[in-house]
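In: Quick one, structure for this:
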Amino acid sequence: MKKIFVTIALLLSAMTPFSVSARDSSQILDWYINDFHSRITVNQDSSLDIAERITADCGDLPDKHGIFRVIPYVSYGDNGQRFETPITLESITNQDGVKYDFTQTKDTQDKTISYKIGSPNQTVKGENIYIIKYHVENAIRFGNDKFDELYWNLSGNFWQLEIDSFSAEIIFPEQFDSSKAEVNVYTGDFESNTISNSYSWQSNNLLSITPSDPLSIGEGITLSITQPKGLFKPYVAPFYVRFSWLWLIFLPLLFYYFCYKIWQKNGRDPRINPTVAPEFEIPENLSPLDMGMLQNDGRIDNKFLTASIVNLAVKGKIKIEKIESSGLLKSKDYKLIKTEQTLDGVSPSEKKLFDRLFGNNNEILTSSLKNKFYIEIPRIQNSSMDYLVNKNWLIRSSRYWQTGFIVAAIVQFVLGIFCMNFGKYFGYSLMISALIVFVFSFLMTKRSEEGAKLHKRILGFRLYMSKAEKFRQQFNEKENIFEAYLPYAIMFGITGLWIKQIKSIYGEEYVNNYHPLWYVGVGQMFDFNSFSNDMQSLSSNIGNTLSSSPSSSGSGGGGFSGGGGGGGGGGGW
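Out: Reported below is the predicted structural model:
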């Protein structure tokens, strides 16, 4: 007899959508919901099986395609506790069981899943019935010591459409005891504490909710119902969900292992005697730019560009003139002036730098290159790389590995962002792995055996320049050593130390008589101390100007209605 009663109640509930009168088509200005009926089956494993029957009407309006439904898969308790309620869609059909076209979108920021129902190539008229069936895990809350609670937003408070009639039936397990249940139905705007008495027990385990008033935009219905502990079992996430954080360890370690193995074979320099001896001559007469590139595993640096500009000046190809504005806040600029058209004795990379700096001009202000010259830097870098490869100091194939690693890292990072929609830990692990691949890309430039030996000589040359006082004899045997080696001091980042060594070794007489032909400072008289300060600030001033790029702009215990899990909203399109 009990089963017959339940069956009759269900049939009566199912008939509810057809009992609501529709609006006159002349009064319809947009989509509205004539009837919204939700049938929720509560399972002992804390899951829900939900079937929503939504009768939406767009009258005779043109260009209408369907509705969309947005459902949260995360909710929060009063104390900020996070509840994840995984959703599995089962079907979206009409009243005859015919499937609708739809697109599904997961928003990891708002923690929602949206279903856009209908086809952009097909329009609809009048009443349309949408039956959405889905399964929800982890719907029961177990935070209280005495009872468990279903706290569920039945309708959603974020519909963009009016709902003329809403009803719900909640079917609990047969062991459910309605006499021990405490029921609260909240209605109204989001966070409204208004309690409604629009519910009734159709049987011991069948609760019916039938509000008499329509729901305006922003209004909703939320149910809170408790049951003594023992009936429901806490949700246990699948193994791959509970231990998905292991991706953060496993995948990056796996990528590190493979990157390390590839680097060992294709990126690590040949092993040579690590002992570094002082080198008193410029190794292989390398330009500062090429020397810096070889030392820095093929990566260019602002210091290398500045050093090569000074090297061009020392060789008499250009002149550098400092310009300082008048006023309280003095700004510095530098004018570069061509002094020779021929570039004999200049490396290919410095020729490329010279050509890209001046173009068809005979003089330029470095400030005019700001936010422009950065596009030329890769060309200069490639010119230096080609030179070092052709000299057999760098292995050509290692450049391909480096490029491959960079491309792989970018693709992997983008893929990680995309995968965040499916699993945050897997997405994060891909992005962390991408950073590992990217870091290894800088290590993939491989020196040949000759290149490794030359690199050791470069370290010896730096040792000599930084410890010049220990090698006074070799110092005194050379002429114009200060100027000749100054660009390399800039490249090594030891300009101040190099100038200090010069003062210590040559004394004040040399300093007072020194006057470079290739540099013009501010003022009538040349001052070595000012020149020293200028050389130390020159690298940051010119280097930062040449590498600057334009910045991108940017846009810059109680319950309530809308609380609990479920809910969401939707609209029409």
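
In: which ones are touching the spatially most central residue of the chain?
Out: Closest residue to the average C-alpha location of the chain: I417 at 6.9 Å, with CA atoms, centre = their mean. Contacts here follow CB atoms under 8 Å, 6 or more residues apart in numbering; on that basis I417 touches 427, 431. Where you see a C-beta, it was placed from the backbone N, CA and C, and this is true even at glycine.

In: Please tell me how far it sits from I113.
Out: 18 Å (CB to CB, to the nearest Å).

In: do the same with I54
Out: Taking CB to CB, one finds I54 at 16 Å from I113.

In: Have a look at those two and say which one is more surrounded.
Out: Legend: neighbour count by other CB atoms under 10 Å for I54 and I113, higher for I54 (23 against 20).

In: follow-up on the earlier one: I'd assumed the residue nearest to the centre of the chain was in a strand, is it?
Out: No. Secondary structure of I417 (DSSP: H, G, I helix; E, B strand; the rest coil): helix, not part of a strand.

In: Could you shift the numbering so residue one becomes 231, and keep it that way?
Out: From this message on, residue numbering opens at 231, which makes the last subject I647.

In: And it, what's its pLDDT?
Out: On the pLDDT scale, I647 is placed at 87.

In: Likewise for K697?
Out: 83.

In: Repeat that for M755.
Out: At M755, the pLDDT value in this model is 59.

In: Point out the other elements, helices or strands, that the helix or strand that contains Q457 touches.
Out: Applying DSSP states H and E as the criterion places Q457 in strand 449-458. Contact partners of strand 449-458 among helices and strands, from 3 or more CB pairs under 8 Å, 6 or more residues apart in numbering; DSSP states H and E: strand 377-383, strand 396-401, strand 413-419, strand 436-439.

In: and the second one with strand 449-458, angle?
Out: Just to be clear, that refers to strand 396-401. 20 degrees (axes from the mean of the first three to the mean of the last three CA atoms, to 10 degrees).

In: Adjacent strands (with direction) for strand 396-401?
Out: strand 262-272 (parallel), strand 436-439 (antiparallel) (DSSP bridges).

In: Go ahead and name everything in contact with that strand.
Out: 239-240, 243, 246, 265-272, 380, 384-385, 432, 435-441, 444-445, 451, 453, 455.

In: buried set for stretch 287-307?
Out: Buried residues in stretch 287-307, counting neighbours by 16 or more other CB atoms under 10 Å, are found at 287-289, 291, 294-303, 305.

In: next one: stretch 631-639
Out: In stretch 631-639, counting by 16+ other CB under 10 Å, buried: 631-632, 635-636, 638-639.

In: just stretch 263-282 next, same as before
Out: Counting neighbours by 16+ other CB under 10 Å, one finds that the buried residues in stretch 263-282 are 263-270, 272-273, 276-282.

In: Likewise for stretch 513-524?
Out: 513, 516-524.

In: which residues touch that stretch?
Out: So stretch 513-524 is contacted by 512, 529-531, 533-535, 537-538, 540-541, 576-577, 579-580, 583, 610-611, 614-615, 617-618, 623-624, 677, 681, 684-685, 687-688, 690-691, 717-718, 720-721 (CB under 8 Å, 6+ apart).

In: Can you check the distance spanned by it, start to finish?
Out: 12 Å (CA to CA, to the nearest Å).

In: go on, stretch 670-684?
Out: So stretch 670-684: terminal residues 23 Å apart, CA to CA.

In: what do you get for stretch 468-486?
Out: 28 Å.

In: Contacts for that stretch next, please.
Out: With CB under 8 Å, 6+ apart as the criterion, stretch 468-486 contacts 316, 466, 653, 655-656, 658-660, 662-663, 666-667.

In: Recalculate using a threshold of 10 Å.
Out: Applying CB atoms under 10 Å, 6 or more residues apart in numbering, the contact partners of stretch 468-486 are 314, 316, 367, 466-467, 638-639, 642, 646, 649, 653-667, 669-670.

In: what does stretch 252-262 give?
Out: Outside stretch 252-262, the residues touching it (CB under 10 Å, 6+ apart) are 264-265, 285-291, 294, 296-297, 354-358, 389-394, 444, 447, 800-803.

In: Same question for that stretch: list its buried residues.
Out: Counting neighbours by 16+ other CB under 10 Å, one finds that the buried residues in stretch 252-262 are 258, 261-262.

In: for stretch 432-441, same thing?
Out: 432-439, 441.

In: got a markdown table for the residues you listed, with pLDDT too?
Out: Listed next are the buried residues of stretch 432-441 as a markdown table, based on pLDDT from 0 to 100:
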| residue | pLDDT |
| --- | --- |
| Q432 | 94 |
| S433 | 93 |
| N434 | 93 |
| N435 | 94 |
| L436 | 95 |
| L437 | 95 |
| S438 | 95 |
| I439 | 94 |
| P441 | 90 |
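
In: Of all pairs in those residues, which one spans the longest distance?
Out: N434 and P441 (22.8 Å; CB to CB).

In: show me what contacts the closest residue to P316 other than its chain neighbours?
Out: Once flanking residues are discounted, P316 sits nearest to E367: 4.6 Å by CB to CB, 6 or more residues apart in numbering. Residues near E367 by CB under 10 Å, 6+ apart: 273, 275-278, 303, 314-318, 465-468, 471.

In: let's see it at 7 Å
Out: 277, 315-316, 465 (CB atoms under 7 Å, 6 or more residues apart in numbering).

In: I548 now?
Out: Counting by CB under 7 Å, 6+ apart, I548 has contacts 542, 566-569.

In: now D331
Out: So D331 contacts 348-349 (CB under 7 Å, 6+ apart).

In: any idea how far it is from N351?
Out: Distance from D331 to N351, by CB to CB: 9 Å.

In: got the contact list for stretch 593-600?
Out: Contacts for stretch 593-600 (CB under 7 Å, 6+ apart): 563-568, 587-588, 772, 775-776, 778.
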